[in-house]
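**Q** Coordinates for the following, if possible.
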Amino acid sequence: MAPVKVVIVGASYAGLSIAHSLLEVPDTKVVLINPSPTFYWNIAAPRIVAKANAFKAEQYLLSITDAFTKYPVEKFEFMLGTATALDVAAKSVSVTSNDGEARSVSYDYLALASGSTTTSTTGEITGFSIPFKQSNRDDVKQLIEAAQQKITAAKEIVIGGAGPIGVELAGELAEAMEQNGSSATITLVSATDRVLPMLKSSGSSAAAKILAQKKIKVITSTRVTGVEASGDAWMVSLDNGEKISADLYIPTTGVIPNNSFIPGQFLDKDGWVRVDKEMRVESSENIYAAGDITNNSMRLSFKAAEQAQVAANNLKADILGKGERKSYDQGESILMLVPVGESGGTGQIFGFTPFSFMVKMMKGRDYFISKAAPIVAGKA
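**A** Numbers count the residues shown, from 1 in each chain. Predicted structure coming up:
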C-alpha cells in the first residue's frame, strides 16, 4: 500500500517543525515545497543587515536539505519551487520549480506554512530590499549583501515604524555607526504616541531612554505619508507637513501574507488563512495551517512553533486514526524581548518589564542564533 502523502508548503519555522514531526510517523511520506534551498534566521535580521561582520553567513543561512539527510528518500522529498495554485477537489498543488518546470503534486494531507513577508523585504515602496523576511526566491544571500552595502554607505537614515523591528534596527545601526566612527544620523518615525506600543508603558519608556542615549531622533504620533527618490537621495513626507531628507529610507511596518496560491474561500478579509483551534483550515478537509500565514494575530517565531506542534499532533492523529487531539490558544500574554543594540534592551515577559541587562543576556548577545541549526534539524 502506498504511504500517506503529506505536502507542506513553506520551509518556515512552522513548516520545518511539522515536517520533522510527521517523518516519525510510519508509512508516511513528506514533500516539502520551498522556493529557497536555505532557511533564513530572520530573528537576527536587524543585526545582520546593520552589522555585516556580526555573524557568518552560514550561521543564519542554513541548508534545508542537509537538515533532512537522515531520512530515506522514500520518506522525504524536498521540492525547490513556488506553489502557484491549490486544487482542493483534485487534492493537488501546482508548483513551478526554480528552473521553470511546472508540476502538479498530489496530497492526502496538506499543511500550509508559507508565512508572510514585509514591504521592506519586497522593496515595493523603495525599489530595493532590506530583507527582514525570506524573499520567497532563491536570492536572500544577495539581498542581504546588497542591503548591508546600502546601509554602510548611508549617512542619513530614516526608519518608518517603531515596532520591534524598527527599534531593534535603530539600535543596531547606531552601534554600527559608532563602531565605524560615522557621524550619520538616524530618525525613527512612529505613528503611535510611543515606541513599542504593544508593550506596557514601562517597556516603551525603557526603549525610548536607550534610543535617546544612542542619539537616535524619535518622532511620535506622526505617519510617513510618502517617499520620493532622486538618485541616491530620499525625501520622506510626514503627515504633519514636515519633510525629512535622507539617503536611505527603511520601512518596518506592515506584514503581508504569502497567500497567492491559496483559494479565497480559506482566507479572511485581510488575506490570512482561517484556522480553528486544532489548526485545521476552516471549511476544508485534510488541510492544516500554522505560523504567520494563519489568522492568529501574534506572528512570532515561538508562536509559530506552538502552532506547528498542534498541527503536527492532529495530522498524526488523522493519519493513524487514533491519538489525543490538541488545541491552540495564543492567549493574551505578551512574551517579547527587544534588544536595542548589544548593550541592552527592553520587552515584556507576561506582566513584567525585564531589566536591560536581562535582555542583553537572553537575546541581545546573539539573537538566539545558536538555536538556528538545531531548529532547522528538528532537534530543538
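**Q** and G351, how many neighbours does it have?
**A** By other C-beta atoms under 10 Å, the residues close to G351 number 8. Every C-beta, even on glycine, is put in place using the N, C-alpha and C of the backbone.
**Q** if I pick it, what's in contact with it?
**A** Neighbouring residues of G351 by C-beta atoms under 8 Å, 6 or more residues apart in numbering: K200, S333.
**Q** Same question for Y107.
**A** K5, V6, V7, V31, K91, S92, V93, N286.
**Q** Disregarding flanking residues, what is the spatial nearest neighbour of it?
**A** Excluding the flanking residues, the one nearest Y107 by C-beta to C-beta, 6 or more residues apart in numbering is V7, at 3.9 Å.
**Q** Tell me how far the strand ranked longest in the chain lies from the chain's centre.
**A** Criterion DSSP state E: the longest strand present in the chain is strand 76-87. Relative to the mean C-alpha coordinate of its chain, strand 76-87 is positioned 20 Å out (C-alpha atoms, centre = their mean, to the nearest Å).
**Q** on that earlier part again, so when I look at the residue nearest to Y107, I'm seeing a strand, right?
**A** Yes - membership of V7 in a strand is supported by DSSP: H, G, I helix; E, B strand; the rest coil.
**Q** count of neighbours near it?
**A** Neighbour tally, V7, other C-beta under 10 Å: 26.
**Q** That one: what's it in contact with?
**A** Applying C-beta under 8 Å, 6+ apart, the residues near V7 are V30, V31, I33, V93, V105, S106, Y107, Y109, L110, A111.
**Q** following the helix or strand containing the third one, which helix or strand comes up?
**A** Right, I33. Using DSSP states H and E, the element containing I33 is strand 28-34. Sequence-wise, the next helix or strand downstream of strand 28-34 (DSSP H and E) is strand 38-40.
**Q** Beyond that next one, next helix or strand please.
**A** helix 45-50.
**Q** circling back to that earlier point, which among the contacts of V7 count as buried?
**A** Among the contacts of V7, the ones that count as buried by 16 or more other C-beta atoms under 10 Å are V30, V31, I33, V93, V105, Y107, Y109, L110, A111.
**Q** mind checking the longest helix of this protein?
**A** Secondary structure of the chain per DSSP state H: the longest helix is helix 301-320.
**Q** Does anything pack onto it? Which helices or strands?
**A** strand 4-9, helix 13-22, strand 109-112, strand 287-289 (3 or more C-beta pairs under 8 Å, 6 or more residues apart in numbering; DSSP states H and E).
**Q** helices and strands around the last one, which ones?
**A** Which is strand 287-289. strand 109-112, helix 301-320.
**Q** Could you export these as JSON lines, including mean pLDDT and distance to P164?
**A** Output for those, formatted as JSON lines (pLDDT from 0 to 100; distance: least, C-beta to C-beta, whole Å):
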{"stretch": "strand 109-112", "mean pLDDT": "98", "distance to P164": "25"}
{"stretch": "helix 301-320", "mean pLDDT": "96", "distance to P164": "12"}
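**Q** of all those, which lies closest to F128?
**A** helix 301-320 (25.3 Å; C-beta to C-beta).
**Q** closest to P251 among the buried ones among the contacts of V7?
**A** Closest to P251, out of all of those and judged by C-beta to C-beta, is I33, at 28.9 Å.
**Q** doesn't V6 make contact with the closest one?
**A** No - applying C-beta atoms under 8 Å, one finds I33 not in contact with V6, separated by 11.4 Å.
**Q** Highest mean neighbour count out of the helices and strands packed on strand 287-289?
**A** strand 109-112 (a mean of 27; mean count of other C-beta atoms under 10 Å).
**Q** who does that strand touch, helix- and strand-wise?
**A** strand 4-9, strand 287-289, helix 301-320.
**Q** could you redo those as JSON lines and give each row distance to S343?
**A** Converted to JSON lines, the helices and strands packed on strand 109-112 look like this (distance: least, C-beta to C-beta, whole Å):
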{"stretch": "strand 4-9", "distance to S343": "40"}
{"stretch": "strand 287-289", "distance to S343": "39"}
{"stretch": "helix 301-320", "distance to S343": "23"}
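**Q** Quick one: closest of the ones you listed to F55.
**A** helix 301-320 (17.0 Å).
**Q** sorry, back to before: closest to N42 out of the helices and strands packed on strand 287-289?
**A** Short answer: helix 301-320, nearest of the helices and strands packed on strand 287-289 by C-beta to C-beta, at 8.5 Å.
**Q** Would you quantify the distance from Y288 to G171?
**A** Distance of Y288 to G171, given as C-beta to C-beta, to the nearest Å: 37 Å.
**Q** Quick check: phi and psi on W234?
**A** Per-residue torsions, W234: phi -130, psi 150 (degrees, to the nearest 10).
**Q** can you give me the helices in the protein?
**A** 13-22, 45-50, 57-60, 119-122, 140-153, 164-180, 201-213, 301-320, 356-359, 372-376.
**Q** Can you pull out the residues in contact with the first one?
**A** So the one you mean is helix 13-22. 6, 8-9, 11, 28, 30, 32, 34, 39, 64, 67-68, 76, 111, 113-115, 288, 290-292, 301, 304-305, 307-309, 311-313, 315-316, 319, 375-378.
**Q** ok, now the fourth one?
**A** Contact partners of helix 119-122, identified using C-beta under 8 Å, 6+ apart, comprise 125-126, 129-135, 250-254, 256.
**Q** Go again with 7 Å.
**A** I125, S129, I130, P131, F132, K133, S135, I250, P251, T252, G254 (C-beta atoms under 7 Å, 6 or more residues apart in numbering).
**Q** wait, which of those residues is closest to E228?
**A** I125 (11.0 Å).
**Q** burial measure for that closest one, as a count.
**A** 16.
**Q** give the contact list for it.
**A** When contacts are taken as C-beta under 7 Å, 6+ apart, I125 is in contact with T119, V227, P251.
**Q** closest to G323 among these?
**A** Once C-beta to C-beta is applied, the member of the contacts of I125 that ends up nearest G323 is T119, at 41.4 Å.
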